[in-house]
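>>> What shape does this take:
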Amino acid sequence: ELSAHRARVIRHKEQEGLIRSKKDGGDAARGDAVVFLDCHVKPMDGWTKPILRNLRENPRRIVVPAITALNPDTWQEISPYGGGTKMCLTWDADFFWCNDYPGPFVPIMSGGLLAMTKFWWE
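The predicted structure is shown next:
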């Protein structure tokens, strides 16, 4: 099934940890884009189109897909994505989506789901 999606599985002989594994996977990628999705991520139909469009617009951009809440038992979406181009961290360690939101918030990105061009990875 993975070959139908042009994905490859890279395995270490010993445990190397999350970050080294992502680095080695990104280094071994052969396509134009490098995408990381952690095991708890459920991509929606057509999820690649907006990501690849954003990467074509700016090859030095790191794209973070929209994050919505899922029911942990059914994996059904609880709340729809409200829009925004940046994740902003609040002081109580929560986040929300914003567009150049003024105020005491810090722009962040998730490390568990992101995409970039292979050019920018290298």
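>>> Could you find the closest non-adjacent residue to residue 98?
Closest residue to residue 98 apart from its sequence neighbours, by CB to CB, 6 or more residues apart in numbering: residue 88 at 4.5 Å. The C-beta positions use only the backbone N, C-alpha and C, and glycine is treated the same way.
>>> moving C-terminal of the helix or strand where that neighbour lies, what's the next helix or strand?
Residue 88 is part of strand 86-89, with elements assigned from DSSP states H and E. Remark: after strand 86-89, the chain's next helix or strand is strand 95-98, criterion DSSP H and E.
>>> and that next one, what's its mean pLDDT?
The pLDDT scores in strand 95-98 average 72.
>>> Which strands or helices does that strand pack on?
strand 86-89 (3 or more CB pairs under 8 Å, 6 or more residues apart in numbering; DSSP states H and E).
>>> pLDDT averaged over the strand it packs on - what is it?
Across strand 86-89, pLDDT averages out at 71.
>>> how about that strand as CSV, C-alpha atoms only?
C-alpha atoms of strand 86-89 as CSV (Å, rounded to 0.1, in the frame of the first residue of the first chain):
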residue,chain,number,x,y,z
LYS,A,86,0.1,31.2,11.9
MET,A,87,-0.1,29.2,15.1
CYS,A,88,0.1,31.5,18.2
LEU,A,89,1.0,30.2,21.6
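>>> Lowest average confidence across helices and strands of this structure, where is it?
Sorting the helices and strands of the chain by mean pLDDT, DSSP states H and E puts strand 106-108 at the bottom, at a mean of 63.
>>> Could you identify the helix or strand that succeeds it?
Proceeding N to C from strand 106-108, the next assigned helix or strand is strand 113-117, under DSSP H and E.
>>> which parts of the helix or strand just after that next one are buried?
Once the chain leaves strand 113-117, the next helix or strand it forms, by DSSP H and E, is helix 118-121. By 16 or more other CB atoms under 10 Å, the buried positions in helix 118-121 come out as residue 118.
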